[in-house]
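**Q** just the structure for this:
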Amino acid sequence: MKQIEATILGQSYMLACPPDGETLLREAVAIVDREMSAIRDAGKVKARERIAVLTALNLAYQRAEAAHQPAPAPAPAAVPVAPDSLDVAHLIRRIDSVLGSDGQLL
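**A** Predicted coordinates:
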């Protein structure tokens, strides 16, 4: 298993990484670092351990919240219409009759 070096909240860590997982692991490190930095920068919590626990809770809550969101409704499927089922000339006549003499389509 590959190892990568990552920095979180100014501290360096050696992390084991699956062969094809480096990009995802680096994204995860960036998220954790950003969240921990935000908690630290808010100024209310200074201890690394507490910052780590609060970050873990925030991320777990976001994940649980996303899992409970209803899936977006799929877009309605278009109803296929066979070209021979449309009588264009008939439709034009109907439109012309509705428009009257003052606004014939053709």
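**Q** and the residue nearest the centre of the chain, what helix or strand is that in?
**A** In the chain, the residue lying closest to the centroid (CA atoms, centre = their mean) is residue 66, at 10.1 Å. Taking DSSP states H and E as the criterion, residue 66 maps to helix 48-67.
**Q** what's that helix packed up against?
**A** Using 3 or more CB pairs under 8 Å, 6 or more residues apart in numbering; DSSP states H and E, the elements in contact with helix 48-67 are helix 22-41. Backbone N, C-alpha and C define where each C-beta goes, glycine included.
**Q** got the angle for the helix it packs on vs helix 48-67?
**A** Angle of helix 22-41 versus helix 48-67, following axes from the mean of the first three to the mean of the last three CA atoms, to 10 degrees, is 120 degrees.
**Q** what does helix 22-41 contact?
**A** Helix 22-41 is contacted by residues 2, 4, 6-9, 15, 17, 45-46, 51-52, 54-55, 58-59 when judged by CB atoms under 8 Å, 6 or more residues apart in numbering.
**Q** leaving out sequence neighbours, find the closest residue to residue 54.
**A** Nearest non-adjacent residue to residue 54, counting by CB to CB, 6 or more residues apart in numbering: residue 39, 5.4 Å away.
**Q** now residue 1
**A** residue 16 (4.9 Å).
**Q** now the angle from the strand or helix carrying that neighbour to helix 22-41?
**A** Residue 16 is located in strand 11-17, with elements delineated by DSSP H and E. Relative orientation of strand 11-17 versus helix 22-41 (the same axes, to 10 degrees): 150 degrees.
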